[in-house]
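# predicted model and sequence below, questions to follow.
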Amino acid sequence: MCVDNRGGCWQNSFVKPRIRALLEATPFEPFIIRLADGREYRIDHPDFVLAASSDIPQITIEEEDGTQHWLSSLLVTSVERSGGNANGAASLG
């Protein structure tokens, strides 16, 4: 499956490894996960996301208040660095 992420096409199987790479980056930089239905999740800290290396296409996001979201990586349309503000988002492709 090929997904347009505003900078080209990439295999959806790379979604979780890309998220893990952003979570492990030093220094950590906030990023945004966008879904096909228009929802988006800003990730401000690496402790609030799980994108396990298993073959299960699931990403878990926990908000500071404890609310959890279980996302299908098959529905992710882009993963972008936030650049400190929404207008400064740079596509990772």
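Looks like it arrived, so ask away.

# quick test: name the residue nearest the centre of the chain.
Nearest residue to the geometric centre of the chain (C-alpha atoms, centre = their mean): residue 33, 3.6 Å.

# these two touch, right, that residue and residue 60?
No - using C-beta atoms under 8 Å as the test, residue 33 is too far from residue 60 to be in contact (11.5 Å). C-beta coordinates here come from the backbone N, C-alpha and C atoms, glycine included.

# where along the protein do the strands fall?
Secondary structure of the chain (DSSP state E): strands at 2-4, 9-11, 31-35, 40-43, 49-50, 58-62, 68-72, 76-81, 90-91.

# ok, which of those comes nearest residue 20?
strand 49-50 (9.0 Å; C-beta to C-beta).

# partners of that closest one in the sheet?
Strands that pair with strand 49-50, judged by DSSP bridges, come out as strand 58-62 (antiparallel).

# average pLDDT across the strand it pairs with?
For strand 58-62, mean pLDDT rounds to 95.

# for stretch 68-88, same thing?
Averaged over stretch 68-88, pLDDT sits at 80.

# distance between that stretch and the chain's centre?
Relative to the centre of its chain, stretch 68-88 is centred 4 Å away, using C-alpha atoms, centre = their mean, to the nearest Å.

# and if you look at stretch 38-55?
From the chain centre to the centre of stretch 38-55 is a distance of 5 Å (C-alpha atoms, centre = their mean).

# contacts for that stretch next, please.
15-17, 19-20, 22-24, 28, 30-34, 58-64, 69, 71, 73, 82 (C-beta atoms under 8 Å, 6 or more residues apart in numbering).
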